[in-house]
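Peer 1: Structure for this input, please:
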Amino acid sequence: FRFVFEGVVAEELRQIDLGGVFEIGATFHYARELYRRKGREEIPIRRRGTIALPDKSDLGKLVDFDREAYARKLAALPEKFHPVYVSMHWRDYERGCYQPYLEAGLSVVCAGHPHDPLFYERIYDTFRHFSYSCSNEISTSFGLSVLSGCQFFFLDGGDVTIQWNSGEAYKGSEPKLVEPGREACVNASPYPPEEGGVKRQRELASTFSGEHFVKSPEFFRQKWEEGRDILSSKVSVSDFQIDGP
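Peer 2: Predicted coordinates for the structure are as follows:
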């Protein structure tokens with residue numbers, strides 16, 4: 001079986017004759033449900049301030065921009081947007097990219113590596129303490145912060161420099177912002193934020209995260225049992241070899 005979070009990828013895999021493809025929605029939805037089942041949403045919180053989500057590097061590329069100028073821009077936001085915390089991607093944290101934000105008097109947080117089983121629970125726990133979220137890019141953090149109850153606003157950070165592991169390089173405006181889906185998110189997220197504007201953001205976040213594809217625990221138990229039975233029918237004693245002393 002192959003599990004993917006949204007329909008476009010699933011259809012592409014089906015077209016190349018890969019059977020057993022199921023849309024299940026983003027991992028975040030399941031982490032949020034686990035968070036709730038643990039009773040952590042019952043702990044009283046007071047939403048305030050802004051969680052900033054600057055353009056980030058990942059395993060395939062390094063992203064840089066004028067972080068000093070962006071930190072000053074965040075620090076200069078009106079009082080209603082404070083306190084401002086900056087969420088750092090693990091790779092940029094390791095690169096020391098948090099320093100300009102600390103020097104501007106902002107606080108920095110990091111949820112760890114996305115492969116950590118608790119990563120998305122930490123993300124949700126962090127976002128639900130803030131009234132607003134902002135970034136100079138549109139990525140999964142847009143959807144996750146909005147689905148956590150934040151109102152997002154796009155705060156431009158100027159040109160970016162991207163260095164891919166392949167050796168390719170780019171300098172200019174964030175290239176992905178011209179994609180129709182991301183452009184729609186930017187248009188729905190003006191600064192200053194508009195009253196009532198979060199409704200459209202939530203619609204976009206729900207669509208792009210595959211929320212309507214989320215499956216029940218019973219679905220996964222059934223698929224686990226089917227997979228186990230398929231493997232059991234294909235594996236015989238002769239497939240195993242135990243080396244003697």
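Peer 1: residue ranges with poor pLDDT in the chain?
Peer 2: For the chain, the stretches with pLDDT under 70 are 7-10, 17-19, 234-245.
Peer 1: could you redo the last one with a cut-off of 50?
Peer 2: The model of the chain has pLDDT under 50 over residues 240-245.
Peer 1: In it, mark out all the helices, start to finish.
Peer 2: In the chain, the helices defined using DSSP state H lie at 7-15, 27-37, 67-75, 90-94, 99-103, 119-127, 140-147, 180-187, 198-208, 217-234.
Peer 1: residue closest to the middle of this structure?
Peer 2: The residue lying closest to the centre of the chain (C-alpha atoms, centre = their mean) is residue 140, at 3.5 Å.
Peer 1: so which of the helices of the chain is the most packed in?
Peer 2: Among these, ranked by average contacts under mean count of other C-beta atoms under 10 Å, first place goes to helix 140-147 (a mean of 23). Heads up, the C-betas are built off the backbone N, CA and C, glycines and all.
Peer 1: Can you show me the CA trace of that helix as CSV?
Peer 2: Taking Å, rounded to 0.1, in the frame of the first residue of the first chain, the C-alpha atoms of helix 140-147 are listed here in CSV:
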residue,chain,number,x,y,z
THR,A,140,3.3,23.9,4.8
SER,A,141,3.7,26.3,7.8
PHE,A,142,1.0,28.5,6.3
GLY,A,143,-1.5,25.7,6.5
LEU,A,144,-0.4,24.2,9.8
SER,A,145,-0.5,27.6,11.6
VAL,A,146,-3.9,28.5,10.2
LEU,A,147,-5.3,25.1,11.1
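Peer 1: Could you name the helices and strands sitting against that helix?
Peer 2: With contacts defined as 3 or more C-beta pairs under 8 Å, 6 or more residues apart in numbering; DSSP states H and E, helix 140-147 has these neighbours: helix 27-37, helix 119-127, strand 132-135, strand 151-154, helix 198-208.
Peer 1: nearest to residue 3, of these?
Peer 2: With C-beta to C-beta, the closest approach to residue 3 among those belongs to helix 27-37: 9.9 Å.
Peer 1: Can you spell out which helices and strands pack onto that closest one?
Peer 2: Applying 3+ C-beta pairs under 8 Å, 6+ apart, we find helix 27-37 packed against helix 119-127, helix 140-147.
Peer 1: and of the ones you listed, who's closest to residue 63?
Peer 2: Smallest distance to residue 63 across those (C-beta to C-beta): 13.3 Å, for helix 140-147.
Peer 1: That closest one vs helix 198-208, what angle?
Peer 2: 130 degrees (axes from the mean of the first three to the mean of the last three C-alpha atoms, to 10 degrees).
Peer 1: Residues contacting helix 140-147, please?
Peer 2: Helix 140-147 is contacted by residues 26, 28, 32, 51, 53, 87, 120, 123-124, 127, 130, 133, 135, 152, 185, 189, 198, 201-202, 204-206, 208-209, 211 when judged by C-beta atoms under 8 Å, 6 or more residues apart in numbering.
Peer 1: now do 6 Å
Peer 2: When contacts are defined by C-beta atoms under 6 Å, 6 or more residues apart in numbering, helix 140-147 is touched by residues 28, 53, 123, 127, 133, 152, 185, 201-202, 205, 208-209.
Peer 1: quick one on the thing from earlier: what would the helices of the chain look like in TSV with distance to residue 60?
Peer 2: TSV is the format used below for the helices of the chain (distance: least, C-beta to C-beta, whole Å):
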stretch	distance to residue 60
helix 7-15	18
helix 27-37	19
helix 67-75	20
helix 90-94	10
helix 99-103	24
helix 119-127	18
helix 140-147	15
helix 180-187	18
helix 198-208	20
helix 217-234	29
